[in-house]
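**Q** got a structure for you, letters missing:
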């Protein structure tokens, strides 16, 4: 007998509202283009519209959902919008949403094999599929974390553990027997390295930022020099982070050369391809992986450019036992007798979401062919946009378009402060809600970044951005002339 | 014009399969009780049934979904099952699944306010609601992370930062000016403390595990002594972790007394109530919070016992500026001009899922009243089970039932090795799929743990476990007598 007012939502109610929600999402994906990319609300306006306390009595789901439409929706920046070209353009596929629905329904915490055989066993299979598609050597074992920041944190923790300085047990404070540990990456490396290093207690000073060449690739001569200087000084180089597809410009470090330097100095090599890993499903781009077999760990994020909902980051490691040695700790209430993999042994998080399910769905629904054709098309679109820029007198390319990111700026004749001009153009475009671009600085110059990656993007979306940009430059030029 | 074979799943297909999926989940929740709690598969049997490579051509979703039924389902341990009493019993509500559907559809990465105003502004509102329901002082600001392990990691990182030893910048290796940093917790504290400490480079030796009294609460006299001894030795005590609701027995440390010791020695106090925080929505249990206003940080996990799908852990901190100071790092491509909160500044992860949405749904759909009545009922059921144990000659209670966890064991007369007996009973019960219990060791004795927390649990489910246990003991006793 069911006690009154307890338990879950009645089944028929779940069914009814669930169907409505599916239809709502279908409509949302369909009408996406009519929405402003960037939310148009003023800061704090959502917060100010919400009460200070939870309702005393439960509310009908239809009332809650009304507020999603009226209050939440205006505050959403639509990452899935085909004209979201800022940061890295990411998007979920519909089938990825299905994966998340089931993951939420199962609500499993993958810590022990026995509490989650499905997650424990599907994950290595799916990561094997991805590894083969990316043509990475079989020697790499994959594990899923939430974000690249966390994957990278684990990689650098492994590098620290590999030193055999007993840091896991004795720590680093109050010791006088430890050399200064040093880690190397280029000036263009992602800030997650800095965060990982400071969290690990190594200090941001431990990071040696190597200058880049004119293609924004790590200067390997300089890397060799810095390592050698550090060794002379009695410091201990323990990790190098190379990047395939840097955040600012998607530059590709020379992994082969860097790996050779690491090998000679017994340094752990982590390769960050959080964004560009997805492009490695294309055989014609796999030459960028040269030397990858010498890496100790690699991070790639299917949630970035493989149509898989956030979050799902993959760390591939060569020595999975080292990863386990870095983190494994087993409390009595978690002891089991089976000789199986227990995912809790491989990281900071004890429980893990059943994340491999959505990636399995994506890889099966689209197939290798479907994934390749979509990635290939995005690269085609980025190249096309690059050509438009190159052919225009009012714009210029600021770095090579290696994958699906275009770095460029407006440079019309007669306007002196191009930094101010480009920042204004970007801010106006973003504020209009028509499209979203982000920026970086290259050699001190304000540079626009246009990233192509949404599963919904088509040529006409790129055309739209291009037309808007050209119009803005014409208008600025006219205005500039008038003011003269 | 849409290029052929690109783009997302057609809208009508999403609608059709989405509806089927909602119905499937509705049926799953309904028929849950007929499924074995623990998956009955042999290790590797799922893995061995899956191909080595992703399909070349995309597959129809109906084929993919058939495999969910045939391959995935047998490998699922059903955390939502009302007879999942192991570890901590957790469950998602239906409305929580709705939250995850929308979060996946929006697919936002909450790093900057502008890329996610909805998440950035809803989160503090919902955490304010929760804080008020739990009667925590207004001085605490909340932030959502994925798991308690990560929340705790951030808390201890804050404690380290607060020392002003410039560890963020200079690190700890190669320095001779740092004292040995020490952190204190009871022997019953969760293993996530150990993982956080080793990750932070402090070493597991830095953890001083304080003995507990006969109620499994931290011995505060011993804490005072250890801190004082460490200071005498020139070490630097920097953090104490107290627990309200320990993992083994849900014991409650004396936060008031511990806070006073911390205050006198200028030590950061972190309170772990990952599990029991949810029980604090009951005014009649809020006396356990005595002294909480003196804590520096508190972790509680709505994904544990507040019917919110995994993952959603909340860290409440008194000094949110210190949290920001610990982690903030801004790369050029993430610089914005608005004077707003950017969630990326408050932790290791750059992007964050829109997690507050599901908790908002849960708090509104059930209301404060509905949440309180469910938590209250779970505690009633645990107390009821406790009475059954106490009234039985064949069983005994091993620690006080403070919240919704019962620690007990079988102790029938005439059987000598109670550890072996109880382990066998547990393994048989778990293997049967009828219910899932876990264990711990208390004073060296093998102890059964029965946790009540599923939104679907009713008195009859507890009765079922109790009947099964009694039958097993009767049978063992009969068998034991026969063997004599």
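**A** That came through fine. Everything quoted here is computed from the prediction, not taken from an experiment.
**Q** what does stretch A:129-139 contact?
**A** A:140, A:142, A:277, A:280-281, A:283, A:286, A:289, A:292-293, A:298, A:300, A:302, A:314, A:316, A:318, A:359, A:363, A:368, A:371, B:52-54 (Cβ atoms under 8 Å, 6 or more residues apart in numbering or on different chains). All C-beta atoms are positioned from the backbone trio N, CA, C, and that covers glycine.
**Q** now intersect the residues you listed with the helices, please.
**A** Taking DSSP state H as the definition of helices, the contacts of stretch A:129-139 contribute A:302, A:359, A:363, A:368, A:371.
**Q** if I look at the last one, how far off is chain B?
**A** Distance of residue A:371 to chain B, given as Cβ to the nearest Cβ, to the nearest Å: 8 Å.
**Q** hmm, residue A:302 and that residue touching each other?
**A** No. Judged on Cβ atoms under 8 Å, residue A:371 makes no contact with residue A:302 at a distance of 10.0 Å.
**Q** shared neighbours, these two?
**A** residue A:362.
**Q** what about those two, which has more around it?
**A** residue A:302 (30 against 24; other Cβ atoms under 10 Å in any protein chain shown).
**Q** pLDDT at the residue nearest to the more buried one when sequence neighbours are not counted, what is it?
**A** Leaving aside its chain neighbours, residue A:302 sits nearest to residue A:308 (4.3 Å; criterion: Cβ to Cβ, 6 or more residues apart in numbering or on different chains). If you check residue A:308, the pLDDT there is 98.
**Q** residue contacts, the closest residue in space to residue A:87 that isn't next to it in sequence?
**A** Computed as Cβ to Cβ, 6+ apart, the closest residue to residue A:87 that is not its neighbour in sequence is residue A:438, at 5.3 Å. Contacts here follow Cβ under 8 Å, 6+ apart; on that basis residue A:438 touches A:85, A:86, A:87, A:426, A:449, A:451, B:333.
**Q** wait, the second one sits on residue A:440?
**A** No. Using Cβ under 8 Å, residue A:86 and residue A:440 do not qualify as a contacting pair, with a distance of 11.0 Å.
**Q** and for those two, which residues touch both?
**A** With Cβ under 8 Å, 6+ apart, residue A:86 and residue A:440 have common neighbours residue A:449.
**Q** look up phi and psi at the residue in the stretch 51-200 of chain A that chain B sits nearest to.
**A** The nearest approach of the stretch 51-200 of chain A to chain B comes at residue A:171, 2.4 Å away (Cβ to the nearest Cβ). Phi and psi for residue A:171, reported as degrees, to the nearest 10, are phi 70, psi -170.
**Q** tell me which residue of the stretch 251-400 of chain A lies closest to chain B.
**A** residue A:367 (3.7 Å).
**Q** wait, that residue sits on residue B:56?
**A** Yes. Between residue A:367 and residue B:56 there is a contact under Cβ under 8 Å: 5.8 Å.
**Q** same drill for these two, tell me which one is more crowded.
**A** Each of residue A:367 and residue B:56 has its neighbours counted (other Cβ under 10 Å); residue A:367 has more, 17 against 10.
**Q** pLDDT at the more buried one, what is it?
**A** The predicted local confidence for residue A:367 is 98.
**Q** what's the nearest residue to it if we skip its chain neighbours?
**A** Once flanking residues are discounted, residue A:367 sits nearest to residue B:58: 3.7 Å by Cβ to Cβ, 6+ apart.
**Q** contact partners for that neighbour?
**A** Going by Cβ under 8 Å, 6+ apart, residue B:58 touches A:364, A:365, A:366, A:367, A:369, A:370.
**Q** redo that, cut-off 10 Å
**A** Contact analysis of residue B:58 by Cβ atoms under 10 Å, 6 or more residues apart in numbering or on different chains lists A:95, A:362-371, A:373, B:5, B:9, B:64.
**Q** can you flag the buried ones in those residues?
**A** By neighbour count, with 16 or more other Cβ atoms under 10 Å in any protein chain shown, the contacts of residue B:58 hold A:95, A:362-368, A:370-371, A:373, B:9, B:64 as buried.
**Q** most widely separated two among these?
**A** A:373 and B:64 (19.0 Å; Cβ to Cβ).
**Q** residue A:33: how many residues sit nearby?
**A** Residues within reach of residue A:33, counting by other Cβ under 10 Å, total 15.
**Q** wait, the residue nearest to residue A:302 sits on residue A:361?
**A** Yes. The pair residue A:308 / residue A:361 is scored as a contact, 8.6 Å apart, by Cβ atoms under 10 Å.
**Q** between those two, which contacts overlap?
**A** Shared between the contact lists of residue A:308 and residue A:361 (criterion: Cβ under 10 Å, 6+ apart) are residues A:93, A:95, A:96, A:99, A:100.
**Q** which SSE is residue A:185 in?
**A** Element membership for residue A:185 (DSSP states H and E) is strand A:181-186.
**Q** buried residues, that strand. List them.
**A** Neighbour count says strand A:181-186 has A:181, A:182, A:183, A:184, A:185, A:186 buried, by 16+ other Cβ under 10 Å.
**Q** now do the helix or strand just after it against strand A:181-186: the angle between them, please.
**A** Going down the chain from strand A:181-186, the next helix or strand is helix A:192-199, by DSSP H and E. Counting by axes from the mean of the first three to the mean of the last three Cα atoms, to 10 degrees, helix A:192-199 lies at 170 degrees to strand A:181-186.
**Q** pLDDT of helix A:192-199, averaged?
**A** Taken as a whole, helix A:192-199 has a mean pLDDT of 96.
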